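Undergrad: sequence plus the predicted model coming up.
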Amino acid sequence: MKDQTTTTSDIAGIMLKATNLSHRVDLADDTLTILQGVNLEIKRAESVAIVGRSGSGKTTLLGLLAGLDTPSEGSVELDGATISSLSEDDRARLRAQRVGFVFQSFQLLPALSAIENVMLPLELGGHENPEAKAKDLLVRVGLGERLHHTPRQLSGGEQQRVAIARAFAADPIVLFADEPTGNLDNHTGQAISDLLMALNREQGTTLVMVTHDEHLAARCKRQLHIEAGELSEPATQNAPQAESIA
Amino acid sequence: MGAAKKLSSVRRDWRERDVRVVLAALIVAVATVATIALFASQLQSTLISSASSFLAADRKLEAENGIPVPPEWREEAERRGLKTAEMIEFSTMVFGNDNFQLVAAKAVNDDYPLKGEVEYQLGEDAPRQVSARGPDRGNVWINPRLLRLLDVEIGGSLEIGNKALTVSGLLIREPDGGFSMAALAPRVMMHSDDVAATNVVQQGSRVEYSYLYAGEESDLNAFYRWLEPRLEPSHEWESIRDGEALSQSLLKAERFLLLGGSLAVLLAAVAVAVASRQYAMNQRDTVALLKTLGLSSHGIGQLYIGRLALWGLVGIVGGLLIALPIVWMLNSLVADLLERPVDFRLDILALTPALMTAVVSLFAFAYPPIRRLRNVPAMRVLRSQPGESGREAWLDIGIAVVAVFGLVWLYAREVSLVLALLGGLAALLGILMVLGWLMVIGLRRVSGGGNAWRLALVALYRHRRASLSQIAVFSMTLMLACTLVLVRSSLLDDWQAQLPEDTPNHFLINIAPDAVDDVEDFLQTRSLPLDTLYPMVRGRLTELNDQPVKETVSKDERVGALNRELNLTWMDQLPADNRVVDGEWFEEGQRSGVSVEAELAEKLGLKLGDKLGFTIGSDKVSAEITSIRTVQWDSMKPNFYMAFPPGGALDAMPATWITSFHLPAEQKSELNEFSRKFPTISVLEVDHIIERIRSIVQQVTQAIEAILVLILAAALVVMAAVVSATLQDRQREGALLRTLGGRQSLLVRSTMVEFALLGFFAGVLGVAAAEAAVWALQYRMFEGEFRWHWNVVLSIPLISAVLLSVFGRLQLRPVLEVSPMLLLRRLE
């Protein structure tokens, strides 16, 4: 499905690159440093897990890499575009075309049915036949019978399947996932991570995931540890990309 | 339907509570404003037409020189599409059954009257009838008194000059009779075609030709422009007179309705502001997600603007659907009480304020918080961001205040109203700031404990920002509602006080000086209390500061008072219902000066110290203005434009006396004896007019009360909006408190105390601000006196404390009914 992308990725190699990334938040009488001098490179179709304790800065890093926020210092390049210097609207356009998201709390719009939630990014991206594609994706995540149910009528696991279908709807080249199994029980979480990994492989998407779940993290090709805003890659890991370590 | 489109469908919006509140507020506001504006416009046109009927036309041209105007003038008027009628008025002697009597004859043609009806009877005990024209040729309708004075019967005949005419009816009321006291001699109404045969009207006799015109305002004005250069000094152009008792009453009602409408606008604005702010807060997650999925800020803006437009449409359509049937009902009410059909016209222009209310409420109050949604960071999908407390920008508040007061002004066209309300609200905010400061100082030291009062005070302090804004909204709502209720009750009190049971309903005019004592005796023996007797001298205002007054006052003013003889009087006591607004009332022994009625002074641009010259018969009298006073035109007592001190310039002039008294219906027959005993005294019967005003006041009161209910409903919508805005937070807190081991009874008590305190503070503030606003309104708009309303001042804070503590208790219900665990999960 993504033959063309795969071909170019072999040539260009780097999908996501963070250079000297820092993020600080001004408080009433102090400045809080959340990220400090993070350098990172992620290749095309690679899957990377960012793990760390609560408050270590991993969600902030994910937000910066996805262009949801801008860093205090440093730059982020996504597929060759320096997103940290783009305007908010340009970043939104880029997200619509190339980025997909899966969240811990699903983030489905409660007033829309399953299929409408999946159609939303397709419509925003100006897709030709959003309904057919949304339906196809929901069938693939096993919800072909529940197209017109609203999030309230779906279980947590089902809601996350809808969210995954939505994430892959616009054929993203990068998928960001924030604790995708964090709100689910072990069994359901396992099923969701299977689905996520399978689709990721099938679509050839680059996957960047923040998680506490060690099993899930272990299924990624690389694992990055973050502590007190600084990134490290465990040496024990089979890590051929030494240049990606800060 | 596409998913993105579905995001802004009304059906979907309706499922959200905040949107329902916004829509309800809009619908109530549009309905109230449309109802009032349409009704007021209807009332106004009814007023004009009822005032027109006091002139029997829209305009009247009088030729006092006894020479008819050229017939081309009538042709020109008709060419311009105006209706015309003619009448001739003259004094003459009539003969009947060997008796004779001086009468005021009025000869009218077939087209008279152009507006209103002539009321007559076919016998003294026959029912009253109305006719759209005067008597036929060869017939007369006469004042009932004349029947006795001449000793003639219905069907009998009387002679005017050389012509015998049949008495075919009794003239009860002519549409242009009004309260004019010019009709001193009894009236005889005849057909104008019979005038020539009487031979009474000759060259040089004292006769007045009048020409009536009716039609579109623009045609009337165009005709006047054509006519003006042709008019001679003896020609008078009269338009509708103001100061008629009926118009005054209805005008007050109209002002009250406008006030009500303005308050409805303010209430709606508050409700829309509160609900849409809450809505915007709840939409932040959706916006963050849409941004994450790639929707630009521009797209977000479009999405929500589209939604606002949709709400506006729903508000307008819904409001009109409610308003139109109500207006239709109110109109048939007005038609009933005026005893004639009222044209139901849908005044599209009158709908403008209603449409503007919806548009301005949405764009000045709902738009700012929603516009800020564009700035919600996409990062919010991952975690809530700092700096998102939703604090309003001062600019937004400024725009909103300007917008809403602009709206009130557009609507009521009453600067004093706008200022009174603005002043009340400003006072409110001022006190609120002081209160906030006191709260911070006073409550800081209270620490929690197992006591409900302490917990409540701690909660008030910890949520001080929310508490203050709730107090602000509650007190504003209470202020607006109280203002309306207070103005209503004092308006009604004023009305009732103005026409008490013993309101004088008969005037005695033309009492000769030597008959004054006899008249007093006559009435005293029948225990009919007499109001003060006033001397009356008829004179014309001719000079202002030694210049002819017609030169000094611009023609545009067209003040009727300059064109006709005024009733001048002298008095030492200021009548109880008059009020000196400038200068000083006559001191004891003062012999010079004159007191002028305020509206006339304003129209003519008269000020203290101006010298006025009057022509009385062949004499001239002058006096300096020493005071300007307001007059209660609707008091049914003799009222005067000009009052001199006793022993002043008027004393030497020939005067007659005038008075008014109350004659109970069952003593009505005493009038016959009175007329026989005092044939030269004119009795002006206004009892039926008083009855009419009473019934109008009563029915308009009902209309006002109906609208009041609508407005109080708007106030409740606001309250509901504010309370429900905090619902989730409070439920979560309650659930947590229970989880942490708080006893149910403690939770209930502390919540009720907290809300009772909120309600009490809001009540105190609201009542204080309402009193301030009422004081200003009463003084400026309704010309009544201000009184403290102690019962309201004391009861509102208590009522609002109880009401809010019940509201608080109700909010808590879900927290108490389910397990804290379940609740916390549900609220996640």
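TA: Nice, thanks for sending it over.
Undergrad: tell me the secondary structure at residue A:234.
TA: In three-state terms, and counting by DSSP: H, G, I helix; E, B strand; the rest coil, residue A:234 is coil.
Undergrad: identify each buried residue in stretch B:451-458, please.
TA: B:452, B:455, B:456, B:457, B:458 (16 or more other C-beta atoms under 10 Å in any protein chain shown). C-beta: built from backbone N, CA, C; applies to glycine.
Undergrad: let's see it as PDB, backbone CA atoms only.
TA: Extracted C-alpha coordinates of stretch B:451-458, given in PDB (Å, rounded to 0.1, in the frame of the first residue of the first chain):
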ATOM      1  CA  ASN B 451     -18.700  22.500  61.300                       C
ATOM      2  CA  ALA B 452     -21.000  23.200  58.300                       C
ATOM      3  CA  TRP B 453     -20.600  27.000  58.600                       C
ATOM      4  CA  ARG B 454     -16.900  26.700  58.600                       C
ATOM      5  CA  LEU B 455     -16.800  24.400  55.700                       C
ATOM      6  CA  ALA B 456     -19.200  26.700  53.800                       C
ATOM      7  CA  LEU B 457     -17.000  29.700  54.500                       C
ATOM      8  CA  VAL B 458     -13.900  27.900  53.500                       C
END
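Undergrad: OK, contacts around residue 106?
TA: Since you didn't name a chain, this refers to chain A. For residue A:106, the contact set (C-beta atoms under 8 Å, 6 or more residues apart in numbering or on different chains) comprises A:151, A:156, A:159, A:160, A:162, A:163, A:183.
Undergrad: that answer is for a different chain, and I need it for chain B
TA: By C-beta under 8 Å, 6+ apart, the contact list for residue B:106 reads B:87, B:88, B:89, B:174, B:187, B:188, B:189, B:190.
Undergrad: quick one: which of those has the lowest pLDDT value?
TA: Among these, residue B:174 carries the lowest pLDDT, at 80.
Undergrad: low-confidence regions, chain A specifically.
TA: Applying pLDDT under 70 to chain A picks out residues A:1-12, A:235-246.
Undergrad: which residue does chain A bring closest to chain B?
TA: Closest residue of chain A to chain B, C-beta to the nearest C-beta: residue A:96 (2.3 Å).
Undergrad: pull the contacting residues for that residue.
TA: A:121, A:124, A:125, A:170, B:293, B:294, B:295.
Undergrad: now the residue lying closest to the last one once chain neighbours are set aside: how far from residue A:98?
TA: Counting by C-beta to C-beta, 6 or more residues apart in numbering or on different chains, the nearest residue to residue B:295 once its immediate chain neighbours are dropped is residue A:124, at 5.4 Å. Computed as C-beta to C-beta, to the nearest Å, the residue A:124 to residue A:98 distance reads 13 Å.
Undergrad: burial of residue A:203, as a residue count?
TA: Using other C-beta atoms under 10 Å in any protein chain shown, residue A:203 is surrounded by 19 other residues.
Undergrad: err, residue A:32, not the other one
TA: When neighbours are counted by other C-beta under 10 Å, residue A:32 comes out with 11.
Undergrad: dump the helix or strand hosting it to PDB, restricted to CA.
TA: Using DSSP states H and E, residue A:32 falls within strand A:31-43. Extracted in PDB, the C-alpha atoms of strand A:31-43 (Å, rounded to 0.1, in the frame of the first residue of the first chain):
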ATOM      1  CA  THR A  31      10.700  28.300  35.400                       C
ATOM      2  CA  LEU A  32      10.200  24.600  35.100                       C
ATOM      3  CA  THR A  33      12.500  22.700  32.700                       C
ATOM      4  CA  ILE A  34      10.700  19.800  31.300                       C
ATOM      5  CA  LEU A  35      13.000  18.800  28.500                       C
ATOM      6  CA  GLN A  36      16.700  19.500  28.200                       C
ATOM      7  CA  GLY A  37      18.900  19.200  25.100                       C
ATOM      8  CA  VAL A  38      17.200  16.200  23.500                       C
ATOM      9  CA  ASN A  39      18.600  14.900  20.200                       C
ATOM     10  CA  LEU A  40      16.900  12.100  18.400                       C
ATOM     11  CA  GLU A  41      16.600  10.500  15.000                       C
ATOM     12  CA  ILE A  42      13.900   8.100  13.900                       C
ATOM     13  CA  LYS A  43      14.000   6.200  10.600                       C
END
